[in-house]
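S.K.: Build me a model:
(one chain, ligands or ions: 1)
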Amino acid sequence: MGSTVLAAAMDELVARLAEVDPGKFPYAEVLKEFRRVGKHFVSKELLGALDAVRRRLAGRPTTQDRLLGRFLDCALDKWDGRYDYSTYVGLTLLPLPDGGDPWRALVRRDRLHLLLVTDALRFEIAAADGRTDALPRLRPTGRMLTKRCRLGNRAVGRELGHFHVADVEVATDPIGVSRQLCEAVMASASRDELRYLELSMLPVYVVHDEYLFIRVLQAFEATFALMAVQLSAVVRALAAGDGRGAVDALKAAETALRGAAPLFALLATMQVPAFRTFRQFTEGASAIQSENYKILEAFCRKPDPQRLESAAYGSVPEIRRRVMDGISNIDETLLAARASGRLTKPAGDEVATAMADFEAAIKLWRRTHHRLAVRMLGDRPGTGYTEGTRYLEHAIDVPVFLATGESEGRR
Ligand code: HEM
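M.R.: Numbers count the residues shown, from 1 in each chain. Reported below is the predicted structural model:
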């Protein structure tokens, strides 16, 4: 499209926004423009018009308005000077597991994981077919498409059975399987699900691989949120002297984390030059700000004072405050349950074994994450203002629990 035509379309959109009823907000046009240039480069005129829409929303409490408010908070983060990990990844726009019953949280995570990964594959295939002009820079090769489809199919494997999606194993080549997967999953998606997938994709630039990066971060967040629910159930079970319940919930959290691990292999296909290009515009947004990751860590045990005073918890002030106020954690609750006799020695030992298994899964996650970061970043600093991979290297061996110290040697 010529630049005069584009400028006219933009003027028309800005003018429309000045009068639009928030209930009829033109999401599609706004998203198209954000994806045409990248969030970092959206024009001041459009951002100003969106800011005005946000002001008109004040005091309008309908569900639709609240959704629009959350969308605008993510879209206007750079304009407001509030840009961070949560707004970059659009966390408030996703139905993450958010407490309560661990079984419901698991169903929610599995569905979200399935939709996010499938949507990433859908974008890969649409780009290869020439059906989208979004994020056109540094498109991967055809061979890369095969690899991403294979790894993406593997990353959703477990969730498919769960939701009775039609048989997608008919095709034998990875791209064929992914095509069938996309068709089946997207056909099963509700309007709300399609909407949150659409709204939660606001890349900072126009490099193809950023789509995959954002979807993988979101999928991991869904798992961290689930694990936080499961670990809080472990604490409750231990407090009640229910060793079996604690073991089951620990095993469920371990399974959740191990089940999400194939996402790393998928993300490792990201092209290094592509990552280094778009990350120029992600400064200030880092998963070190992930509240879900830090809360699940704090449910295991109270972090050491040194870590609480470092960037690790300085980046999540709300979680740090909760930790300082005192969060019941697995380590202390286990010790108290054993000391009081609420948990017998054999039951306590079983819990300690499950904790050691969980710790091994966390450490594997940390090592894999570190390896990926080294590959993508080299020795560059992180976008969360740490020295980068050296920060991660130090964190690898930080004990997840102290109460299982004696079982460390076995792993
Ligand atoms: C290209 C891939 C990735 C690179 C290069 C990378 C790099 C980094 C770096 C350098 C840090 C240290 C903080 C900073 O300064 O930013 C960090 C922290 C972190 N990253 Fe990643 N990361 C990647 C992918 C991921 C993914 C997919 C997740 C999943 C959500 C993730 C989760 C985390 C978490 C939770 C932390 C905080 C760890 C802690 O405080 O101990 N990262 N990452």
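S.K.: where do the helices sit along the stretch 301-411 of the chain?
M.R.: 305-308, 311-314, 317-325, 330-340, 345-377, 389-396 (DSSP state H, counting those that start in this stretch).
S.K.: how about those in JSON lines, adding mean neighbour count and mean pLDDT?
M.R.: Where you see a C-beta, it was placed from the backbone N, CA and C, and this is true even at glycine. Converted to JSON lines, the helices of the stretch 301-411 of the chain look like this (neighbours: other Cβ atoms under 10 Å; pLDDT from 0 to 100):
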{"stretch": "helix 305-308", "mean neighbour count": "12", "mean pLDDT": "96"}
{"stretch": "helix 311-314", "mean neighbour count": "19", "mean pLDDT": "96"}
{"stretch": "helix 317-325", "mean neighbour count": "14", "mean pLDDT": "97"}
{"stretch": "helix 330-340", "mean neighbour count": "18", "mean pLDDT": "97"}
{"stretch": "helix 345-377", "mean neighbour count": "18", "mean pLDDT": "97"}
{"stretch": "helix 389-396", "mean neighbour count": "17", "mean pLDDT": "93"}
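S.K.: between the ones you listed, which gets nearest to F71?
M.R.: helix 317-325 (22.1 Å; Cβ to Cβ).
S.K.: Tell me which residues are up against the closest one.
M.R.: Helix 317-325 is contacted from outside by 291, 294-295, 298, 302-303, 308, 313-314, using Cβ atoms under 8 Å, 6 or more residues apart in numbering.
S.K.: Closest one of those residues to L50?
M.R.: Closest to L50, out of all of the contacts of helix 317-325 and judged by Cβ to Cβ, is E291, at 25.8 Å.
S.K.: who touches the closest one in this structure?
M.R.: So E291 contacts 86, 316, 318-319 (Cβ under 8 Å, 6+ apart).
S.K.: Need the nearest residue in space to the residue in the chain that the ligand sits nearest to, chain neighbours excluded.
M.R.: Distances between the chain and the ligand by Cβ to the nearest ligand atom are smallest at G382, namely 2.0 Å. Nearest non-adjacent residue to G382, counting by Cβ to Cβ, 6 or more residues apart in numbering: G388, 4.5 Å away.
S.K.: residues in contact with the one you found?
M.R.: Per Cβ under 8 Å, 6+ apart, neighbours of G388: 373, 377, 379-382.
S.K.: can you give me the helices in the stretch 151-300 of the chain?
M.R.: 174-188, 191-199, 210-239, 243-260, 262-267, 272-278, 291-300.
S.K.: Give the rounded mean pLDDT of the longest one.
M.R.: The reference is to helix 210-239. Average pLDDT, helix 210-239: 98.
S.K.: Read off the pLDDT value for R411.
M.R.: 38.
S.K.: Skip the chain neighbours and tell me the closest residue to G90.
M.R.: Closest to G90 by Cβ to Cβ, 6+ apart is S200, at 3.6 Å.
S.K.: Break the chain into its domains for me.
M.R.: 3-82, 102-410 (automatic domain parsing).
S.K.: Could you dump those into a markdown table with distance to T92 added?
M.R.: Listed next are the domains of the chain as a markdown table, based on distance: least, Cβ to Cβ, whole Å:
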| stretch | distance to T92 |
| --- | --- |
| domain 3-82 | 5 |
| domain 102-410 | 9 |
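S.K.: Could you identify which of these is most buried?
M.R.: For the domains of the chain, the largest average neighbour count (mean count of other Cβ atoms under 10 Å) is found in domain 102-410, namely a mean of 19.
S.K.: near the ligand, which residues of the stretch 251-400 of the chain show up?
M.R.: Counting by Cβ under 6 Å from any ligand atom, the stretch 251-400 of the chain comes close to the ligand at 267, 275, 286-288, 290, 293, 312, 369, 372-373, 376-377, 382-386, 388-389, 391-392, 395.
S.K.: one step back: what's the spacing between the residue nearest to G382 and T344?
M.R.: According to Cβ to Cβ, to the nearest Å, G388 and T344 sit 46 Å apart.
S.K.: cool, D209 as well?
M.R.: 53 Å.
S.K.: And for A356?
M.R.: In terms of Cβ to Cβ, A356 sits 19 Å off from T344.
S.K.: just R108 next, same as before
M.R.: From R108 across to T344, the span is 34 Å (Cβ to Cβ).
S.K.: again, but for K78
M.R.: K78 is 56 Å from T344, by Cβ to Cβ.
S.K.: for H370, same thing?
M.R.: H370 is 39 Å from T344, by Cβ to Cβ.
S.K.: How about D133?
M.R.: 64 Å.
S.K.: now the farthest one out in this protein, which residue is it?
M.R.: G341 (39.8 Å; Cα atoms, centre = their mean).
S.K.: okay, that one: pLDDT?
M.R.: Confidence for G341, expressed as pLDDT, is 96.
S.K.: Got phi/psi on it?
M.R.: phi 80, psi 0 (degrees, to the nearest 10).
S.K.: dump the residue contacts of it.
M.R.: By Cβ under 8 Å, 6+ apart, G341 has no neighbours at all.
S.K.: show me what contacts the most centrally placed residue in the chain?
M.R.: In the chain, the residue lying closest to the centroid (Cα atoms, centre = their mean) is Q218, at 2.3 Å. For Q218, the contact set (Cβ under 8 Å, 6+ apart) comprises 89-91, 94, 112, 116, 200.
S.K.: what's the answer for Y293, then?
M.R.: 224, 287.
S.K.: Please report the distance of it from L96.
M.R.: Y293 is 12 Å from L96, by Cβ to Cβ.
S.K.: give me phi/psi at the closest residue to P381 other than its chain neighbours?
M.R.: Once flanking residues are discounted, P381 sits nearest to G388: 4.7 Å by Cβ to Cβ, 6+ apart. Note on G388: its backbone torsions stand at phi 90, psi -130 [degrees, to the nearest 10].
S.K.: Quick one: distance of the least confident helix or strand in the chain by mean pLDDT to the chain centre.
M.R.: Across the helices and strands of the chain, mean confidence by mean pLDDT, DSSP states H and E is lowest for helix 3-19: a mean of 84. The chain centre lies 33 Å from the centre of helix 3-19; the measure is Cα atoms, centre = their mean, to the nearest Å.
S.K.: try stretch 282-300
M.R.: 10 Å.
S.K.: Could you do stretch 315-327 as well?
M.R.: The answer for stretch 315-327 is 21 Å, by Cα atoms, centre = their mean.
S.K.: Same check on stretch 370-390?
M.R.: Counting by Cα atoms, centre = their mean, stretch 370-390 comes out at 18 Å from the chain centroid.
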